[in-house]
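1. Provided below for reference: sequence and predicted model.
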Amino acid sequence: MVAIANPNYSEEFQSHSYKSTFEFRAADPSADLYLLMAAFAVGIRHGFEMDNALDVAKKLYIDVNIFKDEHKDRLAQLEHLPASCYESAQALKELKDIFMEYDVFSEGMINDTINYLEGLDDNKLSERLYGKNEEIRKLVDSYIHIG
């Protein structure tokens with residue numbers, strides 16, 4: 001296609017099928033879009049600047065369907081994302097220096113976010129509410145408007 005669009009293009013076609021894709025999964029709809037995009041930018045820059053970026057990419061590269069039984073060992077090798085606001089706060093504490101490195105996020109903003117997330121008191125919420133349908137209903141009624 002490049003040669004058709006640019007008749008003076010002389011290099012032979014090269015396949016780029018070996019290149020990986022960037023997977024984007026939608027965030028919680030209640031997320032602050034500006035902070036979310038800024039966090040993506042920080043994370044992408046951090047990935048580009050990592051000394052061992054290629055090693056990390058090889059470790060995380062997935063070329064099988066990890067949800068099929070025959071590949072569950074590969075799924076077990078991957079780290080899981082935080083499952084709650086509380087777990088997200090703990091992850092943010094661990095990565096705080098990365099987000100502050102280029103003054104995109106201030107320490108106060110990060111600390112306030114951590115405090116807010118921890119204050120939602122959702123650590124092991126699923127386990128605490130298991131079988132308590134009335135409490136689950138109250139929680140849903142309280143937060144269903146978000147998003």
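-> Here it is on my side, so go on. Numbering: from 1, shown residues only.

2. any idea which helix or strand comes after the helix or strand bottoming out on mean pLDDT in the chain?
-> Across the helices and strands of the chain, mean confidence by mean pLDDT, DSSP states H and E is lowest for helix 2-5: a mean of 70. Next helix or strand after helix 2-5 toward the C-terminus (DSSP states H and E): helix 33-49.

3. any idea how far that next one is from the chain center?
-> Put simply, helix 33-49 sits 10 Å off its chain's centre (C-alpha atoms, centre = their mean, to the nearest Å).

4. also stretch 64-84?
-> 15 Å.

5. so for that stretch, what's the average pLDDT?
-> Averaging pLDDT along stretch 64-84 yields 91.

6. now it - C-alpha only, PDB.
-> Extracted as PDB, the C-alpha positions of stretch 64-84 are listed here (Å, rounded to 0.1, in the frame of the first residue of the first chain):
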ATOM      1  CA  VAL A  64      -2.100 -18.100  23.600                       C
ATOM      2  CA  ASN A  65      -5.600 -17.800  24.900                       C
ATOM      3  CA  ILE A  66      -4.900 -17.700  28.600                       C
ATOM      4  CA  PHE A  67      -8.500 -18.500  29.400                       C
ATOM      5  CA  LYS A  68      -8.400 -22.000  27.900                       C
ATOM      6  CA  ASP A  69      -7.700 -24.800  30.300                       C
ATOM      7  CA  GLU A  70      -4.500 -25.900  28.500                       C
ATOM      8  CA  HIS A  71      -2.900 -22.500  29.100                       C
ATOM      9  CA  LYS A  72      -3.900 -21.900  32.700                       C
ATOM     10  CA  ASP A  73      -0.300 -22.300  33.700                       C
ATOM     11  CA  ARG A  74       0.500 -19.200  31.700                       C
ATOM     12  CA  LEU A  75      -2.300 -17.300  33.300                       C
ATOM     13  CA  ALA A  76      -0.900 -18.200  36.700                       C
ATOM     14  CA  GLN A  77       2.400 -16.600  35.800                       C
ATOM     15  CA  LEU A  78       0.800 -13.200  35.300                       C
ATOM     16  CA  GLU A  79       0.300 -10.600  38.100                       C
ATOM     17  CA  HIS A  80      -3.300  -9.700  38.700                       C
ATOM     18  CA  LEU A  81      -4.700  -6.200  38.700                       C
ATOM     19  CA  PRO A  82      -6.100  -4.700  41.900                       C
ATOM     20  CA  ALA A  83      -9.600  -6.000  42.700                       C
ATOM     21  CA  SER A  84     -10.700  -3.200  44.900                       C
END
